[in-house]
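K.L.:
Can you look at this prediction? I've put the sequence above it.
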Amino acid sequence: MSAPILQATGVVKRYGKFTAVAGVSLAIEANTVHSVIGPNGAGKTTLFHVLTGTVPITEGSIRIDGEEIAHLPDYLRVAKGLARSFQVTSLFPNLSVRENLRLAAQGRAPREALRFWRSPESLVAAGDKAQALLARLNLGAVAERPAGALSHGQQRRLEIGMAIGADPKVIFLDEPTSGMGIDDIGEMKQLIHGLRSACAVVLIEHNMDIVMDISDMITVMQLGQVLVQGTPQAIRSDERVRRAYLGSMITGGAA
């Protein structure tokens, strides 16, 4: 087997005397969907923040393609191939959908997107990338609409499009279907599943139907630690998981 694209070992995050993440290890394989689940307060979002550099790590190692990044700031982790979306959408609301995607496609480094003296060829390439993303996200019909005028589901898809615009190796998605209607959930599910062709996906998601349907591997967290890791089939049949978290949500058959 090839080495994991992202390897986190013994990750710890403390806030004073409180330990939010206590020695978590993850091995994220390339071109897979790896979901992190557990109840509120399990440490999932804090782990995401540490892995992506939003908050500093206390102890542990984080490697992407074998390179240590545990103490790099978030913008340098983006340059190394990490991208993420947040629970709350983060867009340029007054710019069009196309311009949001074009800016994201101009480079991994945040400063690159605002370099107005870039060559015409690079700007054309960014425009072509934005056009391709519009089709992939099913947002072509609203390409010229301000991002702030989109529906919630469209905004979430646009945010993911911006995250993948710089061709990341690993993309972190924090509850991407939160607040969505059933139609939007279906489109988001299809989009996430399709991301595996280009990168690894690390997913926090409370919708267990989605998690079980599209995940290759699942990590279950409890009180800042890993309770169990395994395939959806293994997690579905694990009595510890069934009792502690999911109950009938993972035990029932397909409707």
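P.N.:
That came through fine. Numbers count the residues shown, from 1 in each chain.
K.L.:
what about the strands in the stretch 151-255 of the chain?
P.N.:
Under the criterion DSSP state E, counting those that start in this stretch, the stretch 151-255 of the chain carries strands at the ranges 170-174, 200-204, 217-222, 225-230.
K.L.:
in the stretch 51-200 of the chain, which spans are helices?
P.N.:
Secondary structure of the stretch 51-200 of the chain, counting by DSSP state H, counting those that start in this stretch: helices at 74-80, 97-105, 120-136, 152-164, 182-195.
K.L.:
I'd like the average pLDDT over the last one.
P.N.:
The reference is to helix 182-195. Computed over helix 182-195, the mean pLDDT rounds to 90.
K.L.:
So which elements touch it?
P.N.:
strand 33-37, helix 152-164, strand 200-204, helix 208-214 (3 or more C-beta pairs under 8 Å, 6 or more residues apart in numbering; DSSP states H and E). Every residue, glycine included, has its C-beta placed from N, CA and C.
K.L.:
Pull out the buried residues from it.
P.N.:
Neighbour counts using 16 or more other C-beta atoms under 10 Å place 184-185, 187-189, 191-192, 195 of helix 182-195 among the buried residues.
K.L.:
Same list (those) but as JSON lines, adding distance to S25.
P.N.:
Compiled in JSON lines, those are given as follows (distance: C-beta to C-beta, whole Å):
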{"residue": "D184", "distance to S25": "34"}
{"residue": "I185", "distance to S25": "31"}
{"residue": "E187", "distance to S25": "33"}
{"residue": "M188", "distance to S25": "29"}
{"residue": "K189", "distance to S25": "28"}
{"residue": "L191", "distance to S25": "29"}
{"residue": "I192", "distance to S25": "24"}
{"residue": "L195", "distance to S25": "23"}
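K.L.:
Of those residues, which is the nearest to E67?
P.N.:
L195 (22.1 Å; C-beta to C-beta).
K.L.:
how about the helices and strands packed on helix 182-195, which one is nearest V78?
P.N.:
helix 152-164 (9.5 Å).
K.L.:
one step back: now render the strands of the stretch 151-255 of the chain as JSON lines, adding mean pLDDT and distance to N138.
P.N.:
Converted to JSON lines, the strands of the stretch 151-255 of the chain look like this (pLDDT from 0 to 100; distance: least, C-beta to C-beta, whole Å):
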{"stretch": "strand 170-174", "mean pLDDT": "94", "distance to N138": "17"}
{"stretch": "strand 200-204", "mean pLDDT": "96", "distance to N138": "18"}
{"stretch": "strand 217-222", "mean pLDDT": "95", "distance to N138": "27"}
{"stretch": "strand 225-230", "mean pLDDT": "95", "distance to N138": "33"}
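K.L.:
In TSV: those, plus distance to A22 and mean neighbour count.
P.N.:
As requested, these are exported to TSV (distance: least, C-beta to C-beta, whole Å; neighbours: other C-beta atoms under 10 Å):
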stretch	distance to A22	mean neighbour count
strand 170-174	20	24
strand 200-204	18	25
strand 217-222	10	23
strand 225-230	5	17
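K.L.:
Could you export these to a markdown table, including columns for distance to G161?
P.N.:
As requested, those are arranged in a markdown table below (distance: least, C-beta to C-beta, whole Å):
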| stretch | distance to G161 |
| --- | --- |
| strand 170-174 | 11 |
| strand 200-204 | 14 |
| strand 217-222 | 25 |
| strand 225-230 | 30 |
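K.L.:
between those strands, which one is nearest to G41?
P.N.:
Of all those, it is strand 217-222 that lies closest to G41, at 9.4 Å by C-beta to C-beta.
K.L.:
chain center to the closest one, what's the gap?
P.N.:
15 Å (C-alpha atoms, centre = their mean, to the nearest Å).
K.L.:
Check what contacts that strand and list those residues.
P.N.:
Outside strand 217-222, the residues that touch it by C-beta atoms under 8 Å, 6 or more residues apart in numbering are 24, 26, 29, 32-39, 42-44, 47, 211, 226-232, 235, 238, 241, 244-245.
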